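Asker: Sequence first, then the predicted structure, then my questions.
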Amino acid sequence: MPLLLLKKKEEILGEYVLKRKDKVFIGSKKTNDIVINDPLVSDSHCTLLLKNNKYYIKDHNTISGVKINGKTVLEQELSNGDSITVGSYILEYWQKNSTPENRYYLLGIYGKFEGKKYFVKDVETFIGRDIFTPKGIENDIVLFNDNTVSKGHAIISFKDGKFFVEDTGSTGGVAVNGLKIGQFESFSIQSGDEISIGRSIFRFANSTNEDYSFPSKQHMFLLRFIKPLSISLTILVTILSLCFAFVSHQKLSIMNSYDEKLTLELNTTFKKDILLKYLEDYRKTSTPVVGDILNNGNNALVSLTGSGFLYCWDLKTGKELWNRLEVLNLDIASPMIADVNNDGVKDIIVLSATSMLYIYDGQTGSLIRKEVIGGDIAGLTPLVADLTGNGKMDIVVCSQDGAVNFLYNVGYEKEYEKVTEYVDGPLYATPVLCNRKKDTALVVVANSKGKIYFINGKSREKKMLDLLEKTGKEHFIVEAPAVGDITKNGRADIVVQTNYPQYVTAIDVNNLNVLWSFLVEPTPPLDLQYTASPLIADGNVFVVSANGTVYNLKGKTTYSSGELLSKLDIPNAKRIISSPSKYDFDKDGHDEFVIGTEDGRIIVIKNNIRRQELEILAEIKASNVPITSAPLIADAFGSGKLNIIFANATNALQVINTNSKVIKNFCPWPMYLGNAAHTSQGTPQFKIKYYLIFYSSTLVFVCFVFFKIFISVRRKFKRLKVRFL
């Protein structure tokens, strides 16, 4: 098939195979078959015509005209090897299978001129940055706008049947296969050799072997090893991303797997009896904590007992990690675990009846900090969180007389600061944290008279909402509020539950306004000291009444008196004073609730969204005395199945086995109110984590594959294209 080569000087800009058309239009207008962007070329400059199997060139009466082999023509038949001049460009015409096989080229394989193709003449080919060399000789190959190339850089010449490259005194030099040649010295080259000119690399190639592949003969480390490194990196990224995707998919399969029915079984091998208490006047007890204290992949159990001691057991072996520590406590406030000094080890934060705050190292049981707080603090669990956004843990401790103590940077001696704010007392409810997306978190403190204080964790600016004033109802609050988004506007709300009478009141934190207030019926016992904290799940409010009834209230409602979705009377439950916990046991995307009853049962309650009713998913008689701590939910023994852990009125710690599969050592509800910040959310869900790993690994793999394809296609697109006309 006939071939047209479009050239400017010795740079080949296009190759056109004449195959389909009888007329090939040439000009500067984009509608032409061959577009030549040159001021000397007219919109429609000339036409290539096929007549009787012969090609003719016809000029369209243009000003600059058309020349064949240097002679101006109007219309002329083309012969093999004719050179057609159009403006400052040249079209070479070659007949079928008559293109010279012994032609040589410089192919751009790296740098600014990658993909370019330059013809090397049989005599001398001058190469430089400008049109003319400093000696006034016209360059055949012009490497425009590259300051690493000299005006007259090199010459490729043909002598005695061989090609030679010569450095004509350039600044950047010339190298062949990575070896630099001296100024004004020549070096023999052959097909396949790589020639470095400035920062660009060209391959000297015969017309029978036009190889644009990456440089392979350079002595530069990066260029020499970039190809094997690229292959190795591709293999490594592929293997790692597929491994991460596979592992995370396995974990997700475990997290999403569910047997047909949740089963509960009392674990008789792990039971810890501390000091027995009198049962006539029992009340809620300290909730233990589960966590990987030693950072060895095994969970430990931390318990603060009414006998005044702090214990820590390895759940896998049942042995104490360190000797018990004496902490005088009323067995009401729960311990918290958090890494307060950022050393990678979880620390234990406890309060005593002697108005002391203790922080112990979880691995050794050694004392990190001891601080005198003042006031009666033994009944209120401390809040542990980063209040200022500096990455360091702070602690909030409240006392019954209304003192709110902010302990900033508790793990750093030089930066430690204690500031006390005062609110109206008495305070019986544990403080909670209300996170805000674009502002400092608020510490929420509720007093027994229905006043809710919102204190900026950083500036300690206070705002107050009086529930008696807003609702006209007395609110005797003795338990921690619940935190969650019930209005579904992306901002946290607060729900409080009173003792007597039992009101459940929802508060819009953003506007400091009461959303609704619901009266729980029937009336609870008059001698009730404590109630359970409410919980927020799926935007609704789960309430455990002290009289043995469980309520599901609609979070977002237009009724100021609240809206009951469903309720469940638990037979023989009597008083329920332990706060509930939550986890999606049946993996349907909605949390179930775990409660402990006065008659010693652990009950898992499901909120059936479809039928809009509460139902018992599973239950077990777990204790002969009342369950008085909040139940914990964790894979205690690293078995890959969840356990429920609780303390009863005699300070006995017991474990229930379930058949709910999870990732080993997963702790969805490891401490009182879910986490150390008391946001009622538990620990971050591993499911979300592994979804992120799975999708990010898959995304990395796909992006990397597309990147490699893009680089490969880009290199190919940079090369000279052969078009069929």
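Answerer: Here it is on my side, so go on.

Asker: Now do the helices in this protein.
Answerer: Assigned helices in the chain, in chain order: 221-256, 467-471, 686-718 (criterion: DSSP state H).

Asker: pLDDT below threshold where in this protein?
Answerer: 96-101, 220-227, 247-259, 272-282, 330-331, 522-529, 683-695, 711, 714-718 (pLDDT under 70).

Asker: which residues does the closest residue to residue 383 other than its chain neighbours form a beta bridge with?
Answerer: In space, and not counting its chain neighbours, residue 383 is closest to residue 396: 4.2 Å by C-beta to C-beta, 6 or more residues apart in numbering. The way it works is simple: take the backbone N, C-alpha and C, and place the C-beta from them, glycine included. Applying DSSP bridges to residue 396 gives these bridge partners: residue 383, residue 406.

Asker: Quick one: residues contacting residue 396.
Answerer: Each residue near residue 396 by C-beta atoms under 8 Å, 6 or more residues apart in numbering is listed here: 382-383, 385, 387, 404-407, 431, 443.

Asker: Among those, which one is most surrounded by other residues?
Answerer: residue 383 (29 neighbours; other C-beta atoms under 10 Å).

Asker: Tell me the spacing between it and residue 455.
Answerer: Going from residue 383 to residue 455 by C-beta to C-beta, to the nearest Å gives 11 Å.

Asker: and for these two, which residues touch both?
Answerer: With C-beta under 8 Å, 6+ apart, residue 383 and residue 455 have common neighbours residue 443.

Asker: before we move on, the earlier item: just the contacts of residue 396 now: which is nearest residue 618?
Answerer: Nearest to residue 618 out of the contacts of residue 396 is residue 383 (C-beta to C-beta; 32.2 Å).

Asker: Assess the claim that that closest one and residue 678 are in contact.
Answerer: Yes - assessed by C-beta atoms under 8 Å, residue 383 is found in contact with residue 678 at 5.5 Å.

Asker: what's the overlap in contacts for these two?
Answerer: Taking C-beta under 8 Å, 6+ apart as the contact rule, residue 383 and residue 678 both touch 430-433.

Asker: Tell me the one among those nearest to residue 574.
Answerer: Among these, residue 430 lies closest to residue 574 (C-beta to C-beta), at 24.1 Å.

Asker: how about the strands in the stretch 451-600 of the chain?
Answerer: Using DSSP state E, counting those that start in this stretch, the strands of the stretch 451-600 of the chain run over 451-456, 462-466, 482-484, 493-497, 503-508, 513-519, 535-537, 540-544, 549-553, 564-569, 581-583, 592-596.

Asker: Please produce TSV containing those, extended by mean neighbour count and distance to residue 661.
Answerer: Shown next, in TSV, are the strands of the stretch 451-600 of the chain (neighbours: other C-beta atoms under 10 Å; distance: least, C-beta to C-beta, whole Å):
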stretch	mean neighbour count	distance to residue 661
strand 451-456	21	40
strand 462-466	16	43
strand 482-484	26	27
strand 493-497	26	32
strand 503-508	24	34
strand 513-519	19	37
strand 535-537	23	21
strand 540-544	26	24
strand 549-553	23	26
strand 564-569	16	27
strand 581-583	25	12
strand 592-596	26	15
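
Asker: Tell me which of those strands lies nearest to residue 292.
Answerer: Taking C-beta to C-beta, strand 581-583 is the member of the strands of the stretch 451-600 of the chain nearest to residue 292, at 18.2 Å.

Asker: Can you give the contact residues for the closest one?
Answerer: Outside strand 581-583, the residues within contact range by C-beta under 8 Å, 6+ apart are 535, 537, 542, 591-594, 630-633, 642, 660, 668-669, 674, 682.

Asker: change it to 10 Å
Answerer: Residues from elsewhere that reach strand 581-583 (C-beta atoms under 10 Å, 6 or more residues apart in numbering): 287, 535-537, 542, 590-596, 604-605, 607, 630-634, 642, 644, 646, 658, 660, 662, 666, 668-674, 680-682, 685.

Asker: Which members of those occur in strands, if any?
Answerer: Judged by DSSP state E, the contacts of strand 581-583 include 535-537, 542, 592-596, 604-605, 607, 632-634, 642, 644, 646, 658, 660 as members of strands.

Asker: Pull the contacting residues for the spatially closest residue to residue 155 that is not a sequence neighbour.
Answerer: Nearest residue to residue 155, sequence neighbours excluded (C-beta to C-beta, 6+ apart): residue 166, at 4.8 Å. The contact partners of residue 166, taken as C-beta under 10 Å, 6+ apart, are 124, 127, 154-157, 174, 181, 183-187.

Asker: can I get the strands of the stretch 451-600 of the chain in TSV with distance to residue 104?
Answerer: Converted to TSV, the strands of the stretch 451-600 of the chain look like this (distance: least, C-beta to C-beta, whole Å):
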stretch	distance to residue 104
strand 451-456	77
strand 462-466	83
strand 482-484	76
strand 493-497	78
strand 503-508	81
strand 513-519	84
strand 535-537	77
strand 540-544	80
strand 549-553	84
strand 564-569	84
strand 581-583	74
strand 592-596	78
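
Asker: Point out the one among these that comes closest to residue 214.
Answerer: So among those, strand 581-583 is nearest, using C-beta to C-beta, at 54.4 Å.

Asker: my guess is residue 102 meets residue 208, correct?
Answerer: Yes - using C-beta atoms under 10 Å, residue 102 is in contact with residue 208, at 8.8 Å.

Asker: Nearest residue to residue 387 in space, ignoring adjacent ones along the chain?
Answerer: Residue 387 sits nearest to residue 457 (C-beta to C-beta, 6+ apart), 3.2 Å away.

Asker: meant to ask about residue 171, not that
Answerer: Spatial nearest neighbour of residue 171, chain neighbours left out: residue 150 (5.3 Å); criterion: C-beta to C-beta, 6+ apart.

Asker: Excluding residues flanking it in the chain, which one is nearest residue 574?
Answerer: residue 598 (4.2 Å).

Asker: give me phi/psi at the one you found?
Answerer: With angles defined as degrees, to the nearest 10, residue 598 sits at phi -70, psi -30.

Asker: What count of nearby residues applies to it?
Answerer: By the criterion of other C-beta under 10 Å, residue 598 has 21 neighbours.

Asker: same question, the one 5 residues further on
Answerer: Neighbour count for residue 603, taken as other C-beta under 10 Å: 24.

Asker: Check the contact between it and residue 550; I expect there is one.
Answerer: Yes - using C-beta under 10 Å, residue 603 is in contact with residue 550, at 8.9 Å.

Asker: okay, and the common contacts of the two?
Answerer: With C-beta under 10 Å, 6+ apart, residue 603 and residue 550 have common neighbours 568, 570, 573, 576, 580, 593, 595, 616.

Asker: Could I get the contacting residues of the fourth one?
Answerer: Contacts here follow C-beta under 10 Å, 6+ apart; on that basis residue 576 touches 524, 531-532, 544-550, 570, 595-599, 603, 626-627.

Asker: ok, now which ones touch residue 707?
Answerer: So residue 707 contacts 234, 237 (C-beta under 10 Å, 6+ apart).

Asker: tell me how far stretch 196-211 is from the chain's mean position?
Answerer: Centre-to-centre, stretch 196-211 and its host chain are 44 Å apart (C-alpha atoms, centre = their mean, to the nearest Å).

Asker: now stretch 60-69
Answerer: 64 Å.

Asker: That stretch: end-to-end distance?
Answerer: Start-to-end span of stretch 60-69 (C-alpha to C-alpha, to the nearest Å) is 18 Å.

Asker: Which residues does it contact?
Answerer: Residues outside stretch 60-69 that contact it (C-beta under 10 Å, 6+ apart): 25-27, 38-47, 57-59, 72-79, 81-88, 90-91, 93.
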